[in-house]
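A.B. asks: Coordinates only, no sequence provided:
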DNA sequence: AGCATGCATCGACGGATGTCGAAACACCGA
DNA sequence: TCGGTGTTTCGACATCCGTCGATGCATGCT
């Protein structure tokens, strides 16, 4: 039943260039500015729910109508999705009536790499 | 009956209970609230630099004096360290004149687990 | 063309947040 | 006990941010 999605195997070396792991050395101002934007994007409960809804949706994508039941108005949902997009965490594409959002794997991987190591001090 | 230890030994495999990976299922409101607090704590450039400074400091800990050169006033540094502590990402201990901060590995690991999977959609 | 639906933008409002200087607190050495 | 240094707390302020209703735009259906 499940037609397997084509997974572009996560190539860890092609991760979006941002910053070294947080444990490698203290981030400088510019690096911190960039990295903070990504964390900030997930630093809101509504955005986190939207992101999770997209990430966990079958097919790896979801239209706004699929995920907009998070307790805030429709304009607010749209506002948050825009923020997530600006942070690079989601991308969107219009197909007919609906707009589909999907996770941007490389950026999420970059966040993971930032954290990697900090848990094993 | 419940005279159970409230704070069991922190086994690094037993990560702080928070939420399932973001890809497993959509987070509910309560989970999102908890998880967002952690991301929000790292969503400020100054806090990210402070966290990185602690995480990368030799010995896994640093006193405020070691890391307070991030371009803001000293009270502001203290304010941000408090936020990181409240989020559970750092812990602190006073030893004589100085206060030492260190990374709380289990909480950082929890954040990593949230992200894990979202990069391999 | 006209209308209904899905989504984005606008403008406004209230509360949260980052920042500072001043002051308080904790500790140590003389 | 006193002064000095490291750190936190306090109070104030400007800005940012999440939220909403109203409105605009794009698409598809009749």
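C.D. replies: Perfect, thanks for sending it. Nothing here was measured: the structure is a model prediction, and the numbers come from that model.

A.B. asks: I figured residue A:62 hits residue A:101, correct?
C.D. replies: Yes: counting by CB atoms under 8 Å, residue A:62 does reach residue A:101; the two are 6.0 Å apart. (Each C-beta comes from the backbone N, C-alpha and C, glycine too.)

A.B. asks: And the worst-scoring helix or strand of chain A on mean pLDDT, what does it pack against?
C.D. replies: The helix or strand of chain A with the poorest confidence is helix A:105-115; it has a mean of 94 (mean pLDDT, DSSP states H and E). Applying 3 or more CB pairs under 8 Å, 6 or more residues apart in numbering or on different chains; DSSP states H and E, we find helix A:105-115 packed against helix A:29-41, helix B:105-115.

A.B. asks: about what we covered before: show me whatever sits in contact with both of residue A:62 and residue A:101.
C.D. replies: Common contacts of residue A:62 and residue A:101, defined by CB atoms under 8 Å, 6 or more residues apart in numbering or on different chains, comprise residue A:54.

A.B. asks: mind checking the SS state of residue A:17?
C.D. replies: coil (DSSP: H, G, I helix; E, B strand; the rest coil).

A.B. asks: Where does chain A get nearest to DNA strand C, residue-wise?
C.D. replies: Nearest residue of chain A to DNA strand C: residue A:75, at 2.9 Å (CB to the nearest atom of the strand).

A.B. asks: I'd like to know how many residues surround that residue.
C.D. replies: The tally of other residues near residue A:75 (other CB atoms under 10 Å in any protein chain shown) stands at 8.

A.B. asks: and it, what element?
C.D. replies: In this structure, residue A:75 sits in helix A:74-86 according to DSSP states H and E.

A.B. asks: Show me what the helix or strand just after that helix is in contact with.
C.D. replies: Toward the C-terminus, helix A:74-86 is succeeded by strand A:90-95 as the next helix or strand (DSSP H and E). Here strand A:90-95 makes contact (CB under 8 Å, 6+ apart) with A:51, A:54, A:81, A:84, A:85, A:99, A:100, A:101, A:102, A:103, A:104.

A.B. asks: anything in strand A:90-95 near DNA strand C?
C.D. replies: Yes: if you take CB under 7 Å from any atom of the strand as the test, strand A:90-95 does meet DNA strand C, through residue A:92.

A.B. asks: Tell me which residues of that strand come out buried.
C.D. replies: Judged by neighbour count (16 or more other CB atoms under 10 Å in any protein chain shown), strand A:90-95 contains these buried residues: A:90, A:92.

A.B. asks: Sheet partners, orientation included, of that strand?
C.D. replies: In the sheet, strand A:90-95 lines up against strand A:98-103 (antiparallel) (DSSP bridges).

A.B. asks: quick one: the strand it pairs with near DNA strand C?
C.D. replies: Yes: for strand A:98-103 and DNA strand C, the contact criterion (CB under 7 Å from any atom of the strand) is met by A:98, A:99.

A.B. asks: Next, see if that strand gets close to DNA strand D.
C.D. replies: No: judged by CB under 7 Å from any atom of the strand, strand A:98-103 and DNA strand D are separated, with a smallest distance of 8.7 Å.
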